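Undergrad: Attaching a predicted model along with its sequence, questions to come.
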2 protein chains.
Amino acid sequence: MTIEIAAIGAQRPTVLAALEQEFVLHKVWDAPDLKAALAPHAERIRGAVSHGMVGLPTAAIEALPKLEICAINGVGLETTDLALARQRGIAVTITPVLYDDVADLAILLGMAACRRLAEADRYVRAGKWLEGRMDLGRKFSGKRAGIMGIGRIGQAVAKRLAAFDMTIGYYDPIAKPDLPYQAYASPVALAEASELLFLCAAGGAGVRNLVTAEILDALGPKGVFVNIARGWLVDEPALVSALLEGRLGAAGLDVFAAEPKVPEALLGLDNVVLTPHIASNTAETMQAMGDCVLANIRSWFKGEGALTAVA
Amino acid sequence: MTIEIAAIGAQRPTVLAALEQEFVLHKVWDAPDLKAALAPHAERIRGAVSHGMVGLPTAAIEALPKLEICAINGVGLETTDLALARQRGIAVTITPVLYDDVADLAILLGMAACRRLAEADRYVRAGKWLEGRMDLGRKFSGKRAGIMGIGRIGQAVAKRLAAFDMTIGYYDPIAKPDLPYQAYASPVALAEASELLFLCAAGGAGVRNLVTAEILDALGPKGVFVNIARGWLVDEPALVSALLEGRLGAAGLDVFAAEPKVPEALLGLDNVVLTPHIASNTAETMQAMGDCVLANIRSWFKGEGALTAVA
């Protein structure tokens, strides 16, 4: 009897094709009513695949009494009811293969903001170089960098910053005495000591507006803010007005509070670099993430357990 | 008697103001005929200031029989007649404070080309994110990087690339057995082994088209080419057609053969990132370079010698 699987979050076509070949696959990610879509098969569905923005929500767990495993394409768990999954004994797996890409984009956004890269590219394409010289950018190497949330991504960012001779500080609610960087007692203290601030915190359930107006003011008119975490972790109206009024120097932003909507006021600013949540969107990493989802599902149903389950 | 100085290359306003306060300054960088402009003062001019693109050309040396020192704002010497300067005993100084900025921009251009940063920023500003997802970029970390010309800038690039877990190779006509990177016997061999190729060679007099069509083809349709050296070191028509035809994957270019003119065909391409020769154009480094020019001139005429003379 073929095992039945629910795709509650969309997957790459190659992953879907492989799942369809090996399992009975129910594609329900676009269903207006998840429970109703799952109901006819609920007693037979033993596995699920999802992605980071959808996760494994309470409703899906409740709708799937026989669920054994959910393989999530991504690492964010803020939409996953981990407590209920644990209680039910459901294995939840992530794809811990995207940290390099996310850390790379953090460095790229910080450096692009300092060196005015997107503005420079527009400048050349518009023919302005024929008429004059661009305003000066700011040096990247040798600056004081602060990292808010120094888990796997934050540590990968720090490792890269060190090669640019940065002085590195961090704030994290969990003490990490083994790290060779200076710990600060609060995000405001970190921002005051930093010229660049990288938000690398996890977007845990219920956590909002970690980055307040006070933190942005502490970073100041020459400061650079980078967000590759989640948009809702920032007081976005405060960020927009600080950038508009020059109270914050510049920002590199990959995530937004109501993405794919981006605050209109940012779209005309030269002191921001804007990317459409592409931190892990590389061909290599998408392939590796898809492979990881498949490998977890296959391993589980061969009776060999999950490969990259969350603790 | 006040010492007389010729500014044969333009300087920042603050540097000019300081020079005018301490010396008699002859500003001749815009003169249509350098010799004619210098002639009335030639017997009294003992110092000169210039910049990297103008240097200390043969004509200036011949026009200034009493010249003792030329302080160049920059590090390029391709327009400086170093042989004649040596023969005449003229000290030539550079500003060795820009290597970090240039290496930073090399990394920035390489990563921006891989991750499609300028395109991503345009995508968001044009509102396209509301309609779909951008095409995938390519991973930066972990790639095979090749460095053509591994002097001070090339080594600063290599140090940064190592933090991105790159495998690093290089080609340099001067053997550098102390470097912990793999040496290749030719630029083509290096390009064949590389996914990213960074041109970091000095733009020496008479050197042109180091990067040939053959090298670009060896880099290939997934390869990324970065130039932060000089535009004329590349066969630019070959580069443009390789990018247009997809025989080369992408490029990040800060310099061009006939800058500020940029080949028209590049201006509409998404697989290039274009910057207007800003490799050392940061506020911090411009300040440091100006300070370095002044410090050399002051030190020399206090009888304390040049500070950053070329060997």
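TA: Arrived safely, thanks for sending. Note that the structure is a prediction, hence the values are computed from the model and not measured.
Undergrad: end-to-end on stretch A:194-210?
TA: Its first and final residues considered, stretch A:194-210 spans 17 Å by CA to CA, to the nearest Å.
Undergrad: again with stretch A:175-193
TA: OK, stretch A:175-193 end separation, CA to CA: 19 Å.
Undergrad: Now do the SS call for A:T285.
TA: Following DSSP: H, G, I helix; E, B strand; the rest coil, A:T285 is assigned to helix.
Undergrad: And it, what's its pLDDT?
TA: With respect to pLDDT, A:T285 scores 97.
Undergrad: What strand or helix carries the closest residue to it other than its chain neighbours?
TA: Closest residue to A:T285 apart from its sequence neighbours, by CB to CB, 6 or more residues apart in numbering or on different chains: A:D101 at 4.8 Å. Every residue, glycine included, has its C-beta placed from N, CA and C. Using DSSP states H and E, A:D101 sits within helix A:99-115.
Undergrad: How about the contacts made by the residue nearest to A:T285?
TA: A:279-282, A:285, B:139-141 (CB atoms under 8 Å, 6 or more residues apart in numbering or on different chains).
Undergrad: domain ranges for chain A?
TA: A:4-97+A:284-301, A:99-274 (automatic domain parsing).
Undergrad: In the stretch 1-150 of chain A, what residue spans correspond to strands?
TA: A:4-7, A:24-27, A:45-51, A:69-73, A:91-93, A:144-148 (DSSP state E, counting those that start in this stretch).
Undergrad: Most neighbours among the contacts of A:D101, which one is it?
TA: For the contacts of A:D101, the largest number of neighbours (other CB atoms under 10 Å in any protein chain shown) sits with B:F140, at 30 neighbours.
Undergrad: ok, it to A:T285 distance?
TA: 11 Å (CB to CB, to the nearest Å).
Undergrad: do the same with A:A113
TA: 23 Å.
Undergrad: Kindly report the same for A:A311.
TA: 22 Å.
Undergrad: Just want the most central residue of chain A.
TA: Computing the C-alpha centroid of chain A and ranking residues by CA atoms, centre = their mean puts A:A229 first, at 4.3 Å.
Undergrad: where's that residue, which helix or strand?
TA: Counting by DSSP H and E, A:A229 is found in no helix or strand.
Undergrad: Please list the residues of the stretch 151-300 of chain A that sit near chain B.
TA: Neighbours of chain B within the stretch 151-300 of chain A, by CB under 8 Å from any CB of the partner chain: A:159-160, A:162-165, A:259-262, A:267-268, A:273-276, A:278, A:281-286.
Undergrad: Now, of the residues you listed, which are buried?
TA: Among these, those classed as buried by 16 or more other CB atoms under 10 Å in any protein chain shown are A:160, A:163-164, A:259, A:262, A:273-276, A:278, A:281-282, A:284-286.
Undergrad: out of the contacts of A:D101, which one sits closest to B:A36?
TA: B:F140 (52.3 Å; CB to CB).
Undergrad: returning to that earlier point: could you tell me which of the residues of the stretch 151-300 of chain A next to chain B are located in helices?
TA: A:159-160, A:162-163, A:283-286 (DSSP state H).
Undergrad: where does the stretch 151-300 of chain A dip in pLDDT?
TA: Residue ranges of the stretch 151-300 of chain A with pLDDT under 70: A:205.
Undergrad: Tell me the residue of it that sits nearest chain B?
TA: In the stretch 151-300 of chain A, the residue that lies nearest chain B is A:A163 (3.3 Å; CB to the nearest CB).
Undergrad: Identify the residues contacting the residue lying closest to that residue once chain neighbours are set aside.
TA: Ranked by CB to CB, 6+ apart and with sequence neighbours excluded, the top spatial neighbour of A:A163 is B:A163, at 3.3 Å. Listed by CB under 8 Å, 6+ apart, the contact partners of B:A163 are A:159-160, A:162-164.
Undergrad: just so I know, which of the domains of chain A lies nearest B:D178?
TA: Across the domains of chain A, B:D178 has its closest neighbour in domain A:99-274 (19.3 Å, CB to CB).
Undergrad: and the end-to-end length of that closest one?
TA: 20 Å.
Undergrad: cool, and stretch A:133-147?
TA: End to end - CA to CA - stretch A:133-147 spans 34 Å.
Undergrad: close to chain B, is stretch A:64-81?
TA: No: contact of stretch A:64-81 with chain B is not found when judged by CB under 8 Å from any CB; the minimum separation is 14.0 Å.
Undergrad: Show the pLDDT at A:R144.
TA: According to the model, A:R144 scores 98 on pLDDT.
Undergrad: next one: phi and psi at the residue of chain A positioned farthest from its centre?
TA: Centroid-distance maximum for chain A: A:E131 at 40.2 Å, with CA atoms, centre = their mean. Main-chain torsions, A:E131, degrees, to the nearest 10: phi -110, psi -10.
Undergrad: how much space between it and B:M286?
TA: 20 Å.
Undergrad: Find the residue closest to A:V97 in space, skipping its chain neighbours.
TA: Closest to A:V97 by CB to CB, 6+ apart is A:A288, at 4.3 Å.
Undergrad: Now the strand or helix carrying the one you found: buried residues?
TA: In the assignment (DSSP H and E), A:A288 maps to helix A:283-301. For helix A:283-301, burial by neighbour count (16+ other CB under 10 Å) applies to A:284-301.
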